[in-house]
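A.B. asks: This is a predicted model, with the sequence first.
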Amino acid sequence: MSTEATVQLMPGERSSDVSLRVNIGRVLCVVIPIILWFAPLNITTPAKHALAITSFMIIAWVTEAIEFAVAGLIGCYLYWALGVVPFDVAFRGFATDTPWFLFGAILFGTMATKTGLARRIAFLVMQRVGSTYSRILLGLIIAAVLLTFIVPSGVACVVIMASIALGFIEAFGVGPGSNIGRGMLLIVTYSAGLFDKMVIAGASSITARGLIERVGGVQVLWSRWFLAYVPCTLITVFIAWRLMLWFFPPEKPVLSGGDRYVRDEIQKMGSWTPLQLRAALLALVAMVLWLTDFIHGISPSIIGLGIGFCAVLPGLGVLTVEDLKRVNLLPVFFVASALGMGEVLNQTKALSLLTNFVFAWMEPLLSNVFVTTIVLYWTGFVYHFFLASEISMLATSMPLLMNFAKAHNFNPLLLGMIWSFAAGGKIFVYQSAVMMVGYSYGYFEARDLLRIGFCLTVIESIILMLLVAFYWPVIGIR
């Protein structure tokens, strides 16, 4: 799983431009915090010093001057070492359940990819959809949705689904630049970065849930989040499918021998292995427990981490100690440090200052549910332009939004779910590592993503507005 921390090229950017951006970011990471530290601001000293160190973290995340997790850890260390807050406050994010929920999710995804369970599920879906271009596109979208539950990493989902899409493209006898190639690679790429906002599975939604609970002070049930977005998921699957067919009509509408290709791939995988069966059983147990958390009250974090640990138990699990050693813990450190940043800003009262500065203009506009949804969604969408990571976008803004919600008697859960969903709308390649990975295959261009991304973003905002107004109150979110 990635924190999207690799240096990414924006559309039209050369590597020299990226180096310049990173170097400028590294200079600003030093200059801006020093200026704020000694500036004669009319605020308390702890708040001023907290803002100075926080500016280092945010600038590093925005410009990608330093790896996200490293920048976050340095920031937490500076809060403590420079006496801004005690150690237990600076690193309090590590003592919350959110980063460890993410750790469990990473183990969960490793289990699904190592055993081949994710690929088998994807091909089983494709086996049932048919051999026309239209049906294959629909199957790719449905498979991407299903993989969201067992592979909590957009990048991993893209890699898995791209390998399947490339096989179909080759079977069609077309290549890069073809409508078939553009349609298939673009839809698996966009799906991997969109549907993980509709379920608490990926790093961004797990981060959002943790901040809503921690700063907003409200309980976030996995089942309620899932239920809230089920209509949106179903509608989006259909609309995304129709948009792809409209924008990229196929050169060949039918894949000759398409059923045989899928059968051959499934035959190569052989029968279900004991490891796949155990992985499927663990995944099923997790899903059942998450969907019924409103009954038993067990935290989604406890379930996720528990299933992750079961995956490495000798005899029961499917992962070895060597698999565990290869797990990338940087996403866990990044999320924990982002939560720690929010805790420090709250303890030093700097959070209230930032909230008034960033969101004060918004209050008069939040007059009714329709306007509230549109304002929040599009503000979050624009805010995401300035941060090439969904997680850093949520980590830097969600604490402010939660503080704003509590100060003005808005429901933190409602505002938080709208804001986190806004992170799914993307029109530029640089906005997500998921987009970068899909783009790197060379089958679609930046303008293709711009067209599809803008259309889906507009449509998603309308769907969300209707859900928030008419459906969410029925399930207790108002």
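C.D. replies: Yep, it's here.
A.B. asks: Determine the next helix or strand in the C-terminal direction from the host helix or strand of K268.
C.D. replies: In this structure, K268 sits in helix 258-269 according to DSSP states H and E. Beyond helix 258-269 in the direction of the C-terminus, DSSP H and E gives the next helix or strand as helix 274-291.
A.B. asks: That next one vs helix 258-269, what angle?
C.D. replies: 110 degrees (axes from the mean of the first three to the mean of the last three Cα atoms, to 10 degrees).
A.B. asks: which other helices and strands contact helix 274-291?
C.D. replies: helix 98-114, helix 117-129, helix 133-150, helix 222-247, helix 300-310 (3 or more Cβ pairs under 8 Å, 6 or more residues apart in numbering; DSSP states H and E). Glycine gets a C-beta too; all of them are placed from N, C-alpha and C.
A.B. asks: of all those helices, which lies closest to W419?
C.D. replies: helix 222-247 (13.4 Å; Cβ to Cβ).
A.B. asks: buried sites along the closest one?
C.D. replies: By 16 or more other Cβ atoms under 10 Å, the buried positions in helix 222-247 come out as 222-229, 232-233, 235-237, 240-241, 243-245.
A.B. asks: which secondary structure elements does it contact?
C.D. replies: Counting contacts by 3+ Cβ pairs under 8 Å, 6+ apart, helix 222-247 packs against helix 133-150, helix 179-194, helix 274-291, helix 293-296, helix 412-422, helix 446-466.
A.B. asks: what do you get if the cut-off is 10 Å, keeping everything else the same?
C.D. replies: Secondary-structure packing of helix 222-247 (3 or more Cβ pairs under 10 Å, 6 or more residues apart in numbering; DSSP states H and E): helix 133-150, helix 179-194, helix 203-216, helix 274-291, helix 293-296, helix 300-310, helix 412-422, helix 446-466.
A.B. asks: Mean pLDDT and distance to W37 added to the helices and strands packed on helix 274-291, as CSV?
C.D. replies: Below are the helices and strands packed on helix 274-291 laid out as CSV (pLDDT from 0 to 100; distance: least, Cβ to Cβ, whole Å):
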stretch, mean pLDDT, distance to W37
helix 98-114, 84, 28
helix 117-129, 84, 48
helix 133-150, 89, 43
helix 222-247, 94, 39
helix 300-310, 87, 36
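A.B. asks: Of all the ones you listed, which one is nearest R478?
C.D. replies: Comparing the helices and strands packed on helix 274-291 by Cβ to Cβ, helix 222-247 comes nearest, at 11.5 Å.
A.B. asks: Any buried residues in stretch 316-325, and which?
C.D. replies: So for stretch 316-325, counting by 16+ other Cβ under 10 Å, buried means G317, V318, L319, D323.
A.B. asks: Point out the least confident member of the residues you listed, please.
C.D. replies: Of all the buried residues of stretch 316-325, G317 carries the smallest pLDDT score, 74.
A.B. asks: Confirm for me that that residue is in contact with F108.
C.D. replies: No. In this structure G317 lies outside contact range of F108 using Cβ atoms under 10 Å: 11.1 Å.
A.B. asks: overlap in contacts of these two?
C.D. replies: Contact with both G317 and F108 is made by residues A279, L282, I307, G308, C310, A311, according to Cβ atoms under 10 Å, 6 or more residues apart in numbering.
A.B. asks: So the third one is in contact with L289, correct?
C.D. replies: Yes. Taking Cβ under 10 Å as the definition, I307 is a contact partner of L289 at 8.2 Å.
A.B. asks: between the helices and strands packed on helix 222-247, which one is nearest to L400?
C.D. replies: Checking those against L400 by Cβ to Cβ gives helix 203-216 as the closest, at 8.9 Å.
A.B. asks: Return the list of helices and strands in contact with the closest one.
C.D. replies: Applying 3+ Cβ pairs under 10 Å, 6+ apart, we find helix 203-216 packed against helix 98-114, helix 222-247, helix 300-310, helix 330-347, helix 390-407, helix 412-422.
A.B. asks: Against F428, how distant is W419?
C.D. replies: 20 Å (Cβ to Cβ, to the nearest Å).
A.B. asks: Look at these two and report which has more neighbours.
C.D. replies: W419 (24 against 16; other Cβ atoms under 10 Å).
A.B. asks: Tell me if I'm right that the more buried one and M393 touch.
C.D. replies: Yes. Assessed by Cβ under 10 Å, W419 is found in contact with M393 at 9.3 Å.
A.B. asks: what's the overlap in contacts for these two?
C.D. replies: In contact with both W419 and M393: A208, G380, Y383, using Cβ under 10 Å, 6+ apart.
A.B. asks: pLDDT for those - can I get that in JSON lines?
C.D. replies: As requested, these are exported to JSON lines (pLDDT from 0 to 100):
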{"residue": "A208", "pLDDT": "90"}
{"residue": "G380", "pLDDT": "88"}
{"residue": "Y383", "pLDDT": "81"}
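A.B. asks: quick one: which of these is most hemmed in?
C.D. replies: A208 (28 neighbours).
A.B. asks: Just put the helices and strands packed on helix 203-216 in a markdown table and tack on distance to L366.
C.D. replies: Listed next are the helices and strands packed on helix 203-216 as a markdown table, based on distance: least, Cβ to Cβ, whole Å:
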| stretch | distance to L366 |
| --- | --- |
| helix 98-114 | 27 |
| helix 222-247 | 19 |
| helix 300-310 | 29 |
| helix 330-347 | 22 |
| helix 390-407 | 10 |
| helix 412-422 | 9 |
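A.B. asks: Y261 is nearest to which of those?
C.D. replies: Closest among the helices and strands packed on helix 203-216, using Cβ to Cβ: helix 222-247, at 20.3 Å.
A.B. asks: Check the gap between the one residue sitting closest to the centre of the chain and L102 for me.
C.D. replies: Centroid-nearest residue in the chain, with Cα atoms, centre = their mean: S204, separated by 3.5 Å. Distance of S204 to L102, computed by Cβ to Cβ: 10 Å.
A.B. asks: Where does the prediction get shaky in the stretch 351-478 of the chain?
C.D. replies: For the stretch 351-478 of the chain, the stretches flagged by pLDDT under 70 are 386-388, 430.
A.B. asks: With the stretch 201-350 of the chain instead?
C.D. replies: Ranges of the stretch 201-350 of the chain meeting pLDDT under 70: 257-259.
A.B. asks: if you set the cut-off to 80 instead, what comes out?
C.D. replies: The model of the stretch 201-350 of the chain has pLDDT under 80 over residues 201-203, 255-262, 315-317.
A.B. asks: Please list the outside residues in contact with the helix holding K268.
C.D. replies: 116, 119-120, 122-133, 135-136, 139, 164, 167-168, 170-172, 255, 257, 276.
A.B. asks: Would you mind checking those for buried ones?
C.D. replies: Applying a neighbour-count criterion of 16+ other Cβ under 10 Å, the buried members of the contacts of helix 258-269 are 116, 119-120, 122-123, 125-126, 129-131, 133, 135-136, 139, 164, 167-168, 171-172, 255, 276.
A.B. asks: For the nearest residue to L414 once chain neighbours are set aside, what is the enclosing helix or strand?
C.D. replies: Counting by Cβ to Cβ, 6 or more residues apart in numbering, L414 lies nearest to I477, which is 5.7 Å off, once chain neighbours are set aside. Assigned by DSSP H and E, I477 belongs to no helix or strand.
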